[in-house]
Each structure stands twice: as C-alpha cells, then as structure tokens.
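# Need a 3D model of the following:
(chains A and B)
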Amino acid sequence: MLPRTERVRASLAAVPPFLMTFLLAACSGDHPQTTFRPVTEFGAEINDLFAGIFWWTMLVLVVVESILLFVILRYRRRADQSPPKQTHGNTVAEILWTLGPALIVAFIAVPTMRMVFFTYREPAPDALVVDAIGHQWWWEFRYPQYDVVTANQFVLPVGREVHIRLSSADVLHNFWIPRIGGKRYNYPMPVDAEGPHAKQNALTFTISEPGVYPGQCAEFCGTSHAIMRKRLIAVSPEEFEAWVQRMRGGVPAAAMPAPAGAAELSPAGGAQAAAADPGAAAQVDAGSLEEQGRQIFLRSTCVACHTIAGTPARGAVGPNLTGFGSRWAVGAGARPNTLENVVAWITNPQQLKPGALMPGTQTPAPNGFPPTGLSPDEVRAVAAYLLSQK
Amino acid sequence: MATAERMVPFAARLSGRGGLWSWITTVDHKRIGILYGTTALFFLLVGGLEALLIRLQLAVPDNGLIGPELYNQLFTMHGTTMVFLVGMPIAVAFFNYVVPLQIGARDVAFPRLNALSYWIFLFGALFMNVSFLFGAAPNAGWFGYAPLTSEQYSPGLNIDFWVLGLQILGIASILGGVNFIATIINLRAPGMRLMRMPLFTWMAFVTSFIIITALPVLAVALFFLTFDRFWGTNFFVPTAGGDPMLWQHLFWIFGHPEVYILILPAFGIISDVLPSFTRKPLFGYSIMVYSGILIGFIGWGVWAHHMFATGLGPIADAFFAAATMIIAIPTGVKIFNWLATMWGGSLRFNTALLFCIALIAMFTIGGISGVHHASPPANLQQTDTYYVVAHFHYVLVGGLIMGIFAGFYYWFPKVTGRLLDERLGKWHFWLTVIGANLTFFPMHFAGLLGMPRRIFTYSSELNLGSLNMVISIGGFTMAVGTLIFIWNIVRSLRRGEVAGHNPWNAHTLEWATASPPPEYNFGTIPVVESREPMWDRPDEMVAQAQRVPERPVHMPSPSYWPIFTAFGVLLTFALFLTETWWTPLLGLAWTAVGVIRWAFEPVEH
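Below you'll find the predicted structure:
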C-alpha cells in the first residue's frame, strides 16, 4: 500500500499533468504556421469542424479520466478488508456505455460527411488556377492563365477563388500552408499528364486577409525534406496584377509591396524590399557588379537549369529565378536571402542544404551535373545580379 | 516446492542450468519466450537510443548536430525497430511464455517451428541493423512510400536492407501466428472451453489471426518493391504505368491491422492483471472477448484513413471515416469495462496495477486524438504533423508499452521465481509516466502549430523551440526510467524476493504451477471447471499442477535444425545484396537442406 502523498500523485497522473502549462506556452507568441488562425473559408470550415469534434471528445475524456480518478481514490485496499463483491457484469450498464459513445460518434460523423464533400468542391469558372509542382526539394508555381512561373515564394490575390493543382516532378510531396487550410499530396505525375492513369489533387479556397503565410512540404520526400519550404504572399488584386506584369519580364510596375507581417517574418527580405529602388528592379546599369553578374550568369552553365524572364536563360530543371531578389530565402528556406548566403549557396549548395541537386563551383551535383567552375569574384557578381532581380 | 521439482532428474537435465548450446537448440516455449523478451528489450534500448538522438537534434531550432542523412536513417530505424523489433516480438515473448501455461499445455503445438520463428526473427533484426555498419541504414520512413523507395530515388543499399529485412521478419511472424492458433485450438486443458480462456490468451488468439492474414499483404508489397528494385519492374513507377498508391493501399491494408497486432496483446495483459489487483473478476468477460474480435475484424476496413490527404475522393473518404469512427465504440467499451472492473474493487497499488492505470489514462487520450483524425477534413490539417506523432505515441507508448510493463511486473515472478523490486518499480513507473506525457503531450501543440513530422530541423521563425525543448527533456526522463527498469531486472534476478507459485492471488491457470515452472509445465494437466480456476478451486489446481510425475514426462527433443534453417532464410534474402540472380539460390539450397533434415530428424525417447 502506498502512503497518502503517493496516492495523490497517482491520481494527478491520470490527467495530463502539463495541460495548463502547454496551453499557456502554446497560446503565447506568434506561430506563422499555426492551424488555429486560418485566412480562408476552407481553413475556417476545417477549424470549426475540428472544434465541434474536439469538445465532444473532451466530454468523453473528462468522463473516463474522472471515473478513473474516483476509482483510484475511493477503492484503495485497506488492511482489514474482506474480498469485494464479485460482479461479473451488468447488461444495462454495458448497453449504456455502448450507446453513449455510438451517439457521440454520430454527432461527429454527420458534420464530417458534409465537410468531406466541401473539400472536393469544383472551383468557380473564373478561379485563379495555379500549378504547384513539388521537386526534390523546392516548389515550382505556374500560373497557366498568366504565363508566369516562379519558385518557392508565390503571390496570390485576396478575395478571388484560387484553385491550386498539385503535382510532382519526382516523388510524393505534400502541399501544406497551414493558415490556408488542409494539405494534399502532390502525386508524382507530370502536371500535364493525360489518360486513364493521370491523377492530380487540388485545393480550392479564397483568401480573405493579405499577409505572408509560410508553409512546407509535409510528406517525407528524401534527404532535405525539412528544407522544402515555401511562402505565400497574399496581396490585393491590383498588387497581384502588378506582380504578374513584373514576373512576365514586362515594364516594371509598382514595387512589390511588403504586406503586413512581411518584415517581422523575414528581416532580410523586408529590409531589402524597402531599400530597393522600385523603378530599377529589372534593369541593370552597364559596368556595374550586377551587369557583370548578368553576363557571367548567361554565359555559364547556370542557364542549363534556370530561367529568368526577359533574358535568354530558359533552363527548366531548376527553380525559375525571375524576381529572385524579392524572395525571403535562398534554397527554398535554407538561409535568409542575403548576399553572403547567396554567395555561399552558389559556391557549395551541399553545405547549406545536403542533397541539393545543384552543382557548386568546384563540386558536382549529387546527380552528376558538373561543377560550374565560377571563381569567387564571379560568384559574388552573379549573387549581386540575382539579388537585383526583384 | 520449486526445489522439489529441481530434484526430478529428467526435468533438471532439460530445463536446468544449460549452457549456450542448450539455448541454441531449445524448443521449450518458456525459453523461447525468454529469448524473445530479452532480444526485444535489447532493441527497445536501441530504438530508444535512436529516439534520444532524434530529440537531441530537435531540441533547438536550426540545429546542425545531426545532418539529414543520419537523421533520416535514425527516424526510419526508430519506427521500424519499435514496431517490428520491439512491439511485435515482446508480445510474442508473452504469448510464448504465458499462453501454454494459461491453457494448461506442456508446450506449443509445433515446438521446433517456434524455435525457427525466433531465429528467423533474430537474424532479420540483426540484418536490418547491420546496415548501420555500412552507413546505409534504411532512410525512407517506416512505411517507405513509393516512389521514394525506387532505385531511381534511393539508389543506395539503404532500402535494400529495409525491404529484405522486413521480408525476413514477416516470415518469422507468420510462422509464429500459425503456431499459436494451432496451440490455442488444440492444446487446451480438459474443461478449458474457449469462453473460459483468460483474456490474454483470447487476445493472443485474435492477434495471431490478424498476423497470419495481414503479414502476407506486406509480403506481397515487399515482393513488388523487390522486383522493382532488383529486376526493373514498374509496380510503383507512375510514369511507366505503375501506381505509387498501390504501395500505400497494400502497406496500410497490412499497416492498420498491424496497429491492432500491437495493441490487442496489451489489452489482454491488463484484462488479466486488473482482476488480481482489484480482487474482482473481469467485468463483462464475454463483451471483452467479442469487442476484441470485433476490433480485429473492423481493423481490416479502416486502412485508408492513413491516406485521406492522398485525395481518394469523397465517397472513399466518407466510408473510411465512418468505419474508423465505428471502431472507437468497441474500444470505448473495453475502457469502460476496465473501469467497471476496478469499480467497487479492493485496489492494491503494485507497479503492475499502476501501469494498467497509466494505460487506461493514456490510451484514452490516444484514442481521442485518433477520432480527431478519423474526420477527413480535420485530418487534412493534422496528418503528417506532430499531432499524428503525438497520437500514435499515446497509443503505442501509452497503450502497448504501459501494458507490456504491467505484464513484466506481473509475470516476472512466474518466469524467474522472484519478484521485481517494488521501490525501483515505483521510480520506473513515475519517470516513465511523467516522461511520456512530457514528451508526447506537447507534440499535439507542435503539430497544430505547424510542425511537420520527419523533419531533421525546423526554422526558429516557427517559434516552436521551447515546446521542442520540453519534448526532448521528457524523452530523456523516460530514458532514465527505462534504465531503472533494466537495473531492476538485473538486480531482482539475483536478489528479488522469492515469489512462490501465486504471489498476486491471481485467478488464471499459470499461477497453479511452480515459479519458475518445470520444463513440462504441469505434473498433471489440471481439469478446469470455471473462468477463475485459481480462485474457485486453488488447492486442487495446485495439487494437480505441481504433482511430481512418477515417470519422466516426454517432451520434444532439442534440435539445431531450426537455427540451421533460419540461417538459410537469412542467406536467401541477404544474398540479394550481391545483385546476382544465382546467389540467393545458395540460400534456398541451404534452407532446403535444413527443412529436409528437420523432417527426418530422429525422435529421441
């Protein structure tokens, strides 16, 4: 038999003892990938459904743990005790505690079924279509209605329905931006696949708040799965149009605005966006470091894999680098997008992101693509050029 | 009485202090149970060490301590080890030791097959872990989703070790399952009707059926993958007309029943332990049996709830959501029946009972988060995050491991004749329960606040550093508890209090015979007349069970053909690594020699 203090401790163990502490810890501070503050109707519906389910199940939890606690406290064996009454069962009680949970299951199942169909709904005819293509270990975003392609960081308008079609260039990936709502798999099938085996998932939603919403791949996809991050920037429809124009390599319009929250999420990116001269974004002064970098970029093997709109670089294997300077990070989230980090990345990507399928200046890519052979000065110039691409 | 048996010459010769050779050739279910249990405990430490390394890496954001190559091997091997090298074999250890004693049998139905199962399991486990020496441990997660596991995306030896190792382990499990079904059907003592069997034996029975039906599905999936990797087929290659979803369906058709393979034995353990420490029979015995069978059946119809995010379509999602929610009902009934067993009882808070209480408290939490992701829309947010990691650790640590620990404290005196130390046991219990909750409870929050699973690092911008630090501290707390447990075993083996045949005043048949039991288990096979023979007629039961036989009891002879044959099985699969078509045939030939010699082994009298 235990002393009294141990009995009290035993009873405390029956309920998760850290519940309150963690509720406090969890609610404090800002969590950019929280599922609790959705910014779309898709995310909000999921959240509401989960809240309903959550409280029904909390009822079950409280009942079970309370009975357990009561039993522990009440039925401790005493020294002089004769054997307790030998009960083998009670049909009424057993029917009751079968029907009770069954009812609760029904309360959970009915709203679930309604929502299941909602998550598969067809998009409106004027919805913005975006293809999100997973690659080991970065994201490609194509806007077929606008002929725009970008990587890792993408821009969507608020107030317009968006239909994201998910595919993958290699293995399974899982598209997740928690504040948008649920995730679905990027099935490993080319984006334009047709025929009986073609399979593609999609997410349909309308964003209601401008902001910066980070996300990352959620299905394990190989070595650097953890550094397959992405960032969604939601802006007003006008700002979206301006962004599209710039990404098409057209006449530079208004500078990419930094929406609320951008600065605190990405100090480096935010500061640069503020410092950049909007009118000169895509233009490069002759003779400057950036112009040297442009020439080196275009004559090196970089163009075998990368595209920059408005230049002859048309490679389609690696991430599209149009507007690279406005991204929050290099290497799909490997490091903040500073000159030093970009230099380090071009010099030896493996150091920042093991397994990255890009060659360094002296090291081949894991898939055998030869080193670029750029000198440190050349690397610096290329990095400066890329960062000037807003 | 224990000494009385040791004086029986025949018994002493066989079950007495034997050397290594006697263990290698043993066909005694009790010794094989001890081998299984020791091996599983060893791998519990290995898997736990892998978990600690994972938690060291994740304790702080943007950590560079362990790179992704090693990290991915560690989490894959942690999952694979805990499921296949700890959870299943530790249950089989209890099946082996306890089931024949509970039903009044002298051994299992096929003693040499039992030895073969163990040796194949051991070789498979070693084969899987030898990969670390090559720096090529499996690294695609314990469910190895295609097409990441294809030769194209995983060209190294890593996945080869995984697919071949699992194939070897699956064979061991299937052989074991067949053996226990045959044993339970055929070898029950007179009067031991099915509905008089202890709940643990019942759950072993149900689990064995799930094993022999679910593991072959995994075997098929693994054969497909083996063909893809070694002979260039395209079962799972989408661009060649194959389908990665085929892998997911096959894996989870195996994988969800696997969850019940892991948890039902623990349910069985606490259903037998609770009556001993409450001094009340199990409440609603037949409902407990039927709900276990029902869980076994419905467990076959819920696999796609692991795949809601793959976009199966609304009809499939709705069907599998409904089936999954329905399985919560028989599970809930079990929990309420355990509570009712304790209600009005006379509770003795031994370590074994404490672990039962922890199981009820923690498994309930795991069951509830399970209902959360049974709803496909909610699942879209929760799947592949730490919310799911929290869920299945509450089920497997809170359910399986707590049940296993309860079983250890409960049956250790039967196996060794000595009690585990209660004071160390309390330390073990509190560190484990506090550590487990400290580890797994914050994971719920980490997941819902945006932490995906299987990431070797996370950005400090996610603001999840403090939660992860708490999780890591919890993990190390559990580790201390586990070390105390190991110390308790080592110490109690020599210095533990002598137990006697029924230290807990338990109700089932295994407590009638001596502790430890003689090789032949029972002097006379007792005649059973009720569900609680040791409560209803204890003196009669003990007298029959411990009667000293006048003539030597004929027991199966030791044999080295099981280990010989098991080595052939290992060879067959290991030689695939040579990438030549004919070398595995050498392994097959070795196996064939073993099987033939086994079949014609002379019977010693």
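
# check contacts around residue B:560.
The neighbourhood of residue B:560, defined by C-beta atoms under 8 Å, 6 or more residues apart in numbering or on different chains, consists of B:24, B:25. All C-beta spots, glycine's among them, are computed from the backbone N, C-alpha and C.

# In terms of helices and strands, where is whatever residue of the stretch 251-400 of chain B ends up closest to chain A?
Closest contact between the stretch 251-400 of chain B and chain A, by C-beta to the nearest C-beta, is at residue B:380 (2.3 Å). Residue B:380 is part of helix B:376-382, with elements assigned from DSSP states H and E.

# Who are the packing partners of that helix?
helix A:41-74, helix A:91-118, helix B:314-342, helix B:351-374, helix B:422-448 (3 or more C-beta pairs under 8 Å, 6 or more residues apart in numbering or on different chains; DSSP states H and E).

# I'd like those laid out as TSV, including mean pLDDT, mean neighbour count and distance to residue B:256.
Below are the helices and strands packed on helix B:376-382 laid out as TSV (pLDDT from 0 to 100; neighbours: other C-beta atoms under 10 Å in any protein chain shown; distance: least, C-beta to C-beta, whole Å):
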stretch	mean pLDDT	mean neighbour count	distance to residue B:256
helix A:41-74	95	18	20
helix A:91-118	93	16	18
helix B:314-342	95	21	9
helix B:351-374	96	25	11
helix B:422-448	97	23	20
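
# any chance you could map the helices in the stretch 51-200 of chain B?
B:68-80, B:88-103, B:111-130, B:158-186, B:199-231 (DSSP state H, counting those that start in this stretch).

# Return the most buried member of those.
Using mean count of other C-beta atoms under 10 Å in any protein chain shown, the stretch among those with the largest mean neighbour count is helix B:88-103, at a mean of 28.

# does residue A:47 really touch residue A:39, like I thought?
No - taking C-beta atoms under 8 Å as the definition, residue A:47 is not a contact partner of residue A:39, at 10.9 Å.

# which SS state does residue A:231 fall under?
With DSSP: H, G, I helix; E, B strand; the rest coil as the basis, the three-state label of residue A:231 is strand.

# Can you give me the pLDDT of the nearest residue to it once chain neighbours are set aside?
Excluding its sequence neighbours, the residue lying closest to residue A:231 (C-beta to C-beta, 6 or more residues apart in numbering or on different chains) is residue A:153, at 4.5 Å. If you check residue A:153, the pLDDT there is 97.

# Residue A:153: neighbour count?
25 (other C-beta atoms under 10 Å in any protein chain shown).

# these two touch, right, it and residue A:328?
Yes - using C-beta under 8 Å, residue A:153 is in contact with residue A:328, at 6.2 Å.

# Touching both of the two, which residues are there?
Common neighbours of residue A:153 and residue A:328 (C-beta under 8 Å, 6+ apart) are residue A:231.

# Export the helices and strands packed on helix B:376-382 to a markdown table and append columns for distance to residue A:129.
Converted to a markdown table, the helices and strands packed on helix B:376-382 look like this (distance: least, C-beta to C-beta, whole Å):
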| stretch | distance to residue A:129 |
| --- | --- |
| helix A:41-74 | 16 |
| helix A:91-118 | 19 |
| helix B:314-342 | 21 |
| helix B:351-374 | 30 |
| helix B:422-448 | 30 |
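
# Out of the ones you listed, which is closest to residue B:86?
helix B:422-448 (14.8 Å; C-beta to C-beta).

# Could you name the helices and strands sitting against the helix or strand just after the closest one?
Remark: after helix B:422-448, the chain's next helix or strand is helix B:465-495, criterion DSSP H and E. Here helix B:465-495 touches helix A:19-27, helix B:29-58, helix B:402-416, helix B:422-448, going by 3+ C-beta pairs under 8 Å, 6+ apart.

# after helix B:465-495, next one along is what?
helix B:533-536.

# So, low pLDDT: which residues of the stretch 151-300 of chain A?
Scanning the stretch 151-300 of chain A for pLDDT under 70 picks out A:250-286.

# Chain B contacts on that one?
Residues of the stretch 151-300 of chain A lying near chain B by C-beta under 8 Å from any C-beta of the partner chain: A:170-172, A:174, A:176, A:178, A:181-185, A:187-190, A:197, A:199, A:201-202, A:214, A:216-227, A:229, A:265.

# so what's the residue in the stretch 1-150 of chain A that chain B sits nearest to up against?
With C-beta to the nearest C-beta, the shortest gap between the stretch 1-150 of chain A and chain B falls at residue A:33, namely 2.3 Å. Shown in contact with residue A:33 (C-beta under 8 Å, 6+ apart): A:178, A:179, A:214, A:215, A:216, B:449, B:450, B:451, B:462.

# can I assume the second one sits in a strand?
No - membership of residue A:179 in a strand is not supported by three-state DSSP, which gives coil.

# about what we covered before: which one, of the helices and strands packed on helix B:376-382, ends up nearest to residue B:269?
helix B:351-374 (8.3 Å).

# Report the angle between that closest one and helix B:465-495.
150 degrees (axes from the mean of the first three to the mean of the last three C-alpha atoms, to 10 degrees).

# Next, the angle from helix B:351-374 to helix A:41-74.
Helix B:351-374 runs at 160 degrees relative to helix A:41-74, counting by the same axes, to 10 degrees.

# and helix B:351-374, C-alpha only, in CSV?
Once non-C-alpha atoms are left out, helix B:351-374 reads as follows in CSV (Å, rounded to 0.1, in the frame of the first residue of the first chain):
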residue,chain,number,x,y,z
THR,B,351,3.6,-1.4,-10.0
ALA,B,352,1.7,-3.7,-12.3
LEU,B,353,-1.6,-2.0,-11.4
LEU,B,354,-0.1,1.4,-11.7
PHE,B,355,1.0,0.6,-15.3
CYS,B,356,-2.6,-0.6,-16.0
ILE,B,357,-3.9,2.7,-14.8
ALA,B,358,-1.5,4.6,-16.9
LEU,B,359,-2.6,2.5,-19.9
ILE,B,360,-6.2,3.4,-19.4
ALA,B,361,-5.5,7.1,-18.8
MET,B,362,-3.1,7.5,-21.7
PHE,B,363,-4.7,5.2,-24.3
THR,B,364,-7.9,7.1,-23.8
ILE,B,365,-6.0,10.3,-24.9
GLY,B,366,-4.6,8.5,-27.9
GLY,B,367,-8.0,7.1,-28.8
ILE,B,368,-9.5,10.5,-28.7
SER,B,369,-6.9,12.1,-31.0
GLY,B,370,-7.5,9.1,-33.2
VAL,B,371,-11.1,10.1,-33.5
HIS,B,372,-9.9,13.6,-34.4
HIS,B,373,-8.1,12.5,-37.5
ALA,B,374,-10.8,10.0,-38.4
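
# surely residue A:68 meets residue B:360?
Yes - shown here, residue A:68 and residue B:360 form a contact pair, counting by C-beta under 8 Å, at 5.9 Å.
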